[in-house]
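Participant: Task: produce atomic coordinates for the following.
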Amino acid sequence: MAPHRRVDRGSLSRGRRALTREPVSGFGAAVLCASIRIFGRRSASRLDRGITAAIAIATLAALVVDAAYFGGRARTKVWLDYLPLGLLSQTWHFAAAIRTYGTKIDISRKAYQLHEANRDLVFAFVIGESVRSRNFSLNGYARQTNPALERMPNLVSFPHATSAATTTRKSVPVMITRITAAAALPLMTSGETWHDISVPETSFISIFNRLGFATSFLANWSQYGPWATTETIFAEEAAYTWFSNSWRTLSDAQHAQRLTAFGVRDVVRFDQGYDENLLFILDHRIAAAGGGRSLIVMHPYGSHFSYTQIPPEFRRFTPVCDLMEVAIADCGPSLVNAYDNTILYADWFLAEVIRRLQGRNAVLLYVGDHGESLGEEGYYLHSHDLEWEKHVPLIVWASDRFLADPINRAKFAALRANRNRQVTHDFIFHTTLDLAGIESEEVLRPALSLCRESVAPFIPVHGVP
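Facilitator: Sure thing, here's the model as predicted:
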């Protein structure tokens, strides 16, 4: 998501008990505006002004504490987070994002037809965060970072996949809408704001909605923030959304009750914010579909900096660099150890998603939004126009039930035949529709579907950070 920020490792339970950042800021702004109006009244007594001043000072203190110690992961310690600029910048960014994304052409209004055999399909679409294809042993990496996926039958990995950009807010729109990287290029370079790509159409989520799929968007990220709103606008096309801060307005009793309803037994572990939390929500959404067809989009925290958002049992490659204490450039090989542990955890996470889909008519598509620099040529993190930051994993898995249908089996065979091709994010939208059995002469471009034998040639796009 964000290219340059540290992760607050403070207690997430503290953040859960607090209001989410947006309501706190909005309430604070209202109180401060009211205070100014009271001070401006000539009729206000000294007592009125004294009480108002005390409330205003307390509100300012609360907002500063909220900005400095809020337990969510989508936090940035930059000047624009703090008062008074924080209130102004958050309001401006949110309004700009809504203005850019608020009026889109509803692509679901076009004509579509769903393959009869996929009337009960469960499609899991997983966005890999900050993942490097070159660190997947599935793609030839010397260190075994994918022990579970390597043993998984009916799985195809594309070792030569390239992202549209090296930031989430620019690459995700290309993945889930019809816009191509080349078409988005002029928009991508328009500025370093949330609303960099003003995609004119809705995403494939709206199409699945139209065809009767129970749609869900589950993200181990905060719903709003400087790097989240672009994705959030598309996520809201889904009938059900869940973000890591979705339950933070609940009281402790309500929170415990909600976790129990979702099958969570270890509340302390859940409050650590690991990606496995998404599995509880996934179970709930599969059950809610009642055996019907469903699309579940998931965006784990993945391999984002500071490479520590994983359970202790997955920190197998040691020593690891404590990036809260040591400058990233001073970490050396321990930085790669920390990063590889996140890939190991992603391997386990994907295997757990697949385990839940086995026995169903189901497919999974996993694709990285962008890669990461780990010190190559002095670069770290992402948001640079570098080859290894655009080299991302692309993995497709299908269940035995899905492959029992001849048409589905033929498409998966084409996927396997195309696995060594150079492909880009341009292929993801059309491959997703085709793999789900969604036909449309108006929308689907067979040449951009990896489920077809005839595939368009690779066209690299440069100059997109």
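
Participant: Every contact and neighbour count from this point should use C-alpha atoms.
Facilitator: Will do.

Participant: can you confirm P173 is in a helix?
Facilitator: Yes. Assessed with DSSP: H, G, I helix; E, B strand; the rest coil, P173 lies in a helix.

Participant: So for it, what's the pLDDT?
Facilitator: Looking at P173, its pLDDT is 91.

Participant: Relative to F234, how far out is it?
Facilitator: Relative to F234, P173 is positioned 8 Å away (Cα to Cα, to the nearest Å).

Participant: Next secondary structure after the helix or strand hosting Q254?
Facilitator: Using DSSP states H and E, Q254 falls within helix 252-261. Downstream of helix 252-261, the first helix or strand assigned by DSSP H and E is helix 267-270.

Participant: hmm, back to that, of P173 and F234, give the one with the bigger neighbour count.
Facilitator: Higher neighbour count among P173 and F234: P173, with 27 against 22, using other Cα atoms under 10 Å.

Participant: wait, isn't K104 in contact with E201?
Facilitator: Yes. K104 is within contact range of E201, at 4.8 Å (criterion: Cα atoms under 8 Å).

Participant: Between the two, which has more neighbouring residues?
Facilitator: The residue with more neighbours, out of K104 and E201 and counting by other Cα under 10 Å, is E201; that gives 19 against 13.

Participant: thinking N277 is in contact with F270, fair?
Facilitator: Yes. Contact status for N277 versus F270: in contact at 6.3 Å, counting by Cα under 8 Å.

Participant: So which residue is dead centre in the chain?
Facilitator: H299 (3.3 Å; Cα atoms, centre = their mean).

Participant: Tell me the spacing between that one and S440.
Facilitator: 27 Å.

Participant: For V122, give me phi and psi.
Facilitator: The phi/psi pair for V122 (degrees, to the nearest 10) reads phi -110, psi 110.

Participant: correct me, but it touches V363?
Facilitator: Yes. Between V122 and V363 there is a contact at 6.6 Å, judged by Cα under 8 Å.

Participant: so where's the stretch 201-350 of the chain shaky on pLDDT?
Facilitator: 224-229 (pLDDT under 70).

Participant: how about the strands in it?
Facilitator: Under the criterion DSSP state E, counting those that start in this stretch, strands of the stretch 201-350 of the chain are mapped to 214-219, 240-243, 294-299.

Participant: Which other helices and strands does the second one contact?
Facilitator: So that's strand 240-243. Packed against strand 240-243, as judged by 3 or more Cα pairs under 8 Å, 6 or more residues apart in numbering; DSSP states H and E, are the following elements: strand 214-219.

Participant: so how far is the strand it packs on from its chain's centroid?
Facilitator: Strand 214-219 sits 11 Å away from the centroid of its parent chain (Cα atoms, centre = their mean, to the nearest Å).

Participant: same check, this time on stretch 400-420
Facilitator: Worked out by Cα atoms, centre = their mean, stretch 400-420 lies 27 Å from the chain centre.

Participant: which outside residues touch that stretch?
Facilitator: 117-118, 121, 154, 156-160, 358-363, 398, 435, 437, 450-453 (Cα atoms under 8 Å, 6 or more residues apart in numbering).

Participant: May I see the ChimeraX selection of the buried members of these?
Facilitator: Filtering the contacts of stretch 400-420 down to the buried ones (16 or more other Cα atoms under 10 Å) takes a single ChimeraX command:
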select :117,118,121,156,157,158,159,160,360,361,362,363,398,435,437,450,451,452,453
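
Participant: Could you list which of the contacts of stretch 400-420 belong to strands?
Facilitator: V156, S157, A362, V363, A398 (DSSP state E).

Participant: can you give me the helices for the stretch 351-465 of the chain?
Facilitator: Applying DSSP state H, counting those that start in this stretch to the stretch 351-465 of the chain gives helices spanning 387-390, 400-403, 406-417, 426-435.

Participant: Domain map for this protein?
Facilitator: For the chain, automatic domain parsing gives the domain ranges 12-100, 107-448.

Participant: Can you tell me which of those is most buried?
Facilitator: domain 107-448 (a mean of 20; mean count of other Cα atoms under 10 Å).

Participant: How far does it sit from its chain's centre?
Facilitator: Distance, centroid of domain 107-448 to centroid of chain: 7 Å (Cα atoms, centre = their mean).

Participant: just use 12 as the starting number from now, easier for me
Facilitator: Okay, using 12 as the starting number, the last item reads as domain 118-459.

Participant: Mutual contacts of V133 and V374, please.
Facilitator: L368.

Participant: and E453, what is it in contact with?
Facilitator: If you count contacts by Cα under 8 Å, 6+ apart, E453 has them with K121, A122.

Participant: Distance check, it against N419.
Facilitator: Taking Cα to Cα, one finds E453 at 21 Å from N419.

Participant: same question, Q320
Facilitator: The value you get for Q320 to N419, if Cα to Cα is used, is 37 Å.

Participant: Same check on W359?
Facilitator: Using Cα to Cα, W359 is found at 26 Å from N419.

Participant: ok, back up a step: please export the alpha-carbon coordinates of the helix holding Q265; PDB is fine.
Facilitator: What follows is helix 263-272, C-alpha atoms only, in PDB (Å, rounded to 0.1, in the frame of the first residue of the first chain):
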ATOM      1  CA  ASP A 263     -15.100  -4.700  24.600                       C
ATOM      2  CA  ALA A 264     -18.300  -6.700  25.200                       C
ATOM      3  CA  GLN A 265     -19.600  -6.200  21.700                       C
ATOM      4  CA  HIS A 266     -16.200  -7.000  20.300                       C
ATOM      5  CA  ALA A 267     -16.000 -10.300  22.200                       C
ATOM      6  CA  GLN A 268     -19.500 -11.200  21.100                       C
ATOM      7  CA  ARG A 269     -18.700 -10.500  17.500                       C
ATOM      8  CA  LEU A 270     -15.500 -12.600  17.600                       C
ATOM      9  CA  THR A 271     -17.400 -15.500  19.200                       C
ATOM     10  CA  ALA A 272     -20.000 -15.300  16.400                       C
END
